[in-house]
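**Student:** only the shape, not the letters, is given here:
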Ligand code: SF4
């Protein structure tokens, strides 16, 4: 839990020596509480102060990194709701394979996971993990773990109720930064040593939240913190409730033993049910979500949802302001202008491409706002667009002297013509979907 300035001041030397740049220890404590200073700026801070303040500075949900290169980030969350501040670690999606599955279909799933990329509003979205589930014989499970890692090079969720099988598989993929699932009271001692020795994280489970708290408390006390919570839940509603209770306890009550990312295994074969459970988990508060099938339609829906939930609501997704070449434009190709809100850019550029036309697309700095919002905020005016075009050297780039503005801001056409001497402004359609017919009717040469 965050400490107040007064609580921090009690931990400082109280000599007011000013070496930290503040006149008093109290002033320095206030800066620390506001996260505007680092304790290391006080050369006389005691070990006790470092310990207490270091623990207080940890996020209430522990941050973990999985994978051979530690690129799959989990946890680190500090808020319950995304309108308070952004969520920091998108739910890692994993696809399950069983050691009893037909080898050819298993290989197809693993290659599908490896190759899957969804490009949306400029981001490349991928599947971060593979879950390998032990259902048959121990050797087959270990072989599949090795095989899954060799094919995908992604961290694994190794899932088995047999701790000997888990130990063998964990050793076989040492260094992959995987997740062992799931330790119980009876198996935790052995599995934590395996996880530690092989560079993996450990999921823990129990009969109820109390048992989970006991288990994580014991493991934390033993110095192992790379933990993930596999909540017990008999139904979707119970799961939703349990993960909300745990997250609230970690964030609002400072319950450290519940301050870990969550792991969820989704079962069943009905794609709509699977999608609904995946959405639950992405919204409330999934760390790793294991899907029972590899299905591109399902993945598209969940990845889109995940991107929306984990985008900073205070920072619209935006593209770099510049003049973009759409297709292979020449000096006489048409010129369009719109804002640098990613969605606007990708829709407009897509519609220009769909029309089979090459063009120049001018994207001025509009702080990532959509056309009408940017216009209302004074960021997409005739004067500001003209200034951007001049700074970008548009006159020298093209021979065209006609620029198409979005129909929603037809009122800026006069101002733009005044500020862009020699250019004619053409008012385009209001909706990007109408660009193709507009291009064919008004711009086709
Ligand atoms: Fe106080 Fe440390 Fe700052 Fe000196 S350097 S004023 S002891 S906080």
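**Tutor:** Done, it's in. This structure is a prediction, so every number in the text was calculated from the model and none was measured.
**Student:** which parts of the chain belong to which domain?
**Tutor:** As given by automatic domain parsing, the domain ranges for the chain are 5-56, 64-309, 322-443.
**Student:** for the ligand, what's the nearest residue on the stretch 51-200 of the chain?
**Tutor:** With CB to the nearest ligand atom, the shortest gap between the stretch 51-200 of the chain and the ligand falls at residue 53, namely 11.7 Å. No exception for glycine: its C-beta is placed from N, CA and C like everyone else's.
**Student:** let me know the helix or strand that that residue is in.
**Tutor:** Residue 53 is located in helix 47-57, with elements delineated by DSSP states H and E.
**Student:** do the same with residue 109
**Tutor:** Counting by DSSP H and E, the element that carries residue 109 is helix 103-115.
**Student:** centre of the chain to that helix, how far?
**Tutor:** 25 Å (CA atoms, centre = their mean, to the nearest Å).
**Student:** ok, stretch 345-363 next?
**Tutor:** 28 Å.
**Student:** buried set for that stretch?
**Tutor:** Within stretch 345-363, the residues that count as buried by 16 or more other CB atoms under 10 Å are 345-349, 351-352, 355, 357, 359-363.
**Student:** and the end-to-end length of it?
**Tutor:** 8 Å (CA to CA, to the nearest Å).
**Student:** cool, and stretch 75-90?
**Tutor:** 9 Å.
**Student:** in the stretch 151-300 of the chain, which spans are strands?
**Tutor:** For the stretch 151-300 of the chain, the strands defined by DSSP state E, counting those that start in this stretch occupy 156-159, 179-183, 201-204, 227-229, 262-265, 286-291.
**Student:** partners of the second one, with directions?
**Tutor:** This points to strand 179-183. strand 156-159 (parallel), strand 201-204 (parallel) (DSSP bridges).
**Student:** what's the local residue count around the closest residue to the ligand within the stretch 101-250 of the chain?
**Tutor:** With CB to the nearest ligand atom as the measure, residue 225 is the residue of the stretch 101-250 of the chain nearest to the ligand, at 29.2 Å. Neighbours of residue 225 under the rule other CB atoms under 10 Å: 16.
**Student:** show me what contacts it?
**Tutor:** By CB atoms under 8 Å, 6 or more residues apart in numbering, residue 225 lies in contact with 62, 219.
**Student:** and the pLDDT at it?
**Tutor:** At residue 225, the predicted lDDT confidence score is 91.
**Student:** please report how far it lies from residue 285.
**Tutor:** Residue 225 sits 19 Å away from residue 285, taking CB to CB, to the nearest Å as the criterion.
**Student:** check residue 258 too.
**Tutor:** Taking CB to CB, one finds residue 258 at 11 Å from residue 285.
**Student:** with residue 265 instead?
**Tutor:** 16 Å.
**Student:** what about those two, which has more around it?
**Tutor:** residue 285 (23 against 19).
**Student:** in the chain, which helix or strand is least confident?
**Tutor:** None of the helices or strands of the chain scores lower by mean pLDDT, DSSP states H and E than helix 47-57, at a mean of 80.
**Student:** where do the helices sit along the stretch 51-200 of the chain?
**Tutor:** 103-115, 138-152, 163-172, 188-198 (DSSP state H, counting those that start in this stretch).
**Student:** take those and write them to JSON lines, including distance to residue 294, mean neighbour count and mean pLDDT.
**Tutor:** Shown next, in JSON lines, are the helices of the stretch 51-200 of the chain (distance: least, CB to CB, whole Å; neighbours: other CB atoms under 10 Å; pLDDT from 0 to 100):
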{"stretch": "helix 103-115", "distance to residue 294": "5", "mean neighbour count": "15", "mean pLDDT": "97"}
{"stretch": "helix 138-152", "distance to residue 294": "12", "mean neighbour count": "20", "mean pLDDT": "97"}
{"stretch": "helix 163-172", "distance to residue 294": "21", "mean neighbour count": "21", "mean pLDDT": "97"}
{"stretch": "helix 188-198", "distance to residue 294": "27", "mean neighbour count": "18", "mean pLDDT": "97"}
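**Student:** want to throw these into CSV with distance to residue 408?
**Tutor:** Below are these laid out as CSV (distance: least, CB to CB, whole Å):
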stretch, distance to residue 408
helix 103-115, 40
helix 138-152, 45
helix 163-172, 57
helix 188-198, 56
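**Student:** compile those into CSV and extend it with columns for distance to the ligand.
**Tutor:** Listed next are the helices of the stretch 51-200 of the chain as CSV, based on distance: least, CB to the nearest ligand atom, whole Å:
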stretch, distance to the ligand
helix 103-115, 52
helix 138-152, 49
helix 163-172, 46
helix 188-198, 37
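**Student:** just the closest residue of the stretch 301-445 of the chain to the ligand, please.
**Tutor:** Closest point on the stretch 301-445 of the chain to the ligand, by CB to the nearest ligand atom, is residue 314, at 32.5 Å.
**Student:** hang on, isn't residue 264 packed against residue 285?
**Tutor:** No - counting by CB atoms under 8 Å, residue 264 stays clear of residue 285, with 10.1 Å between them.
**Student:** list the contacts for the residue nearest to the spatial centre of the chain?
**Tutor:** Among the residues of the chain, the one closest to the centroid is residue 90, at 3.3 Å (CA atoms, centre = their mean). The contact partners of residue 90, by CB under 8 Å, 6+ apart, come to 306-307, 309-310.
**Student:** redo that, cut-off 10 Å
**Tutor:** By CB atoms under 10 Å, 6 or more residues apart in numbering, the contact set of residue 90 is 72-74, 125, 128, 282, 286-287, 303, 306-307, 309-311.
**Student:** now the buried members of those residues.
**Tutor:** Buried among the contacts of residue 90 by 16+ other CB under 10 Å: 72-74, 125, 128, 282, 286-287, 303, 306-307, 309, 311.
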